[in-house]
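Asks: Here is the input, now give the coordinates:
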Amino acid sequence: MAPQTGLLSYQVNDISTSSQSQLILMMYDGALQAVNQSIQCMTQKDVAGQSRHILKAQDIINELSLALDMKQGGDVSKTLEQLYQFVLNQLIQANITKDSMYLESVIKVLSPLRDAWSRIAEATNDEPELPDPTAPATPFAAKC
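Replies: All right, here's what the predicted structure looks like:
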């Protein structure tokens, strides 16, 4: 097995055995990592890399937004949706202006949310539900 294939298998296994709160935490980590990488690319005048990482962060934030359950989530879901829309706007502005100020504001919004999800994951200590091997596969769709 090639090293890349082994890493991919590990990542797939890690995701498929994670709880819902752990998956959301992974998404926040991925978005923050992409934003930080974009800042590095800006510093190095790597416009293509900057754009690539901003787009990755946008994809992750869009997924978090789509995962919101507006009926059950009530005001919390509405507030998160507003924050996600703000973050998406900041990412767009950063990509257009190439100004890291916008990315810093994204970090200021996402970091406390990530920390809150980390505390939720620890407090609930929720175990992942193991899939029923006889059930048909379903795509992941978090409802927060």
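
Asks: how about low-confidence regions in the protein?
Replies: Within the chain, the ranges that satisfy pLDDT under 70 run 1-18, 125-144.

Asks: Could you identify the longest helix within it?
Replies: Ordering each helix of the chain by length in residues (DSSP state H) puts helix 70-97 first.

Asks: Quick check: next helix or strand after that helix?
Replies: Going down the chain from helix 70-97, the next helix or strand is helix 100-124, by DSSP states H and E.

Asks: So which other helices or strands are in contact with that following helix?
Replies: helix 20-43, helix 70-97 (3 or more CB pairs under 8 Å, 6 or more residues apart in numbering; DSSP states H and E). All C-beta atoms are positioned from the backbone trio N, CA, C, and that covers glycine.

Asks: what does it contact?
Replies: 19, 21-22, 24-25, 28-29, 31-32, 35-36, 38-39, 42-43, 54, 57, 80, 83, 86-87, 90-91, 93-94 (CB atoms under 8 Å, 6 or more residues apart in numbering).

Asks: Now do that helix against helix 70-97, angle only.
Replies: Comparing the axes of helix 100-124 and helix 70-97 via axes from the mean of the first three to the mean of the last three CA atoms, to 10 degrees yields an angle of 150 degrees.

Asks: And helix 100-124, how far out from the chain middle?
Replies: 10 Å (CA atoms, centre = their mean, to the nearest Å).
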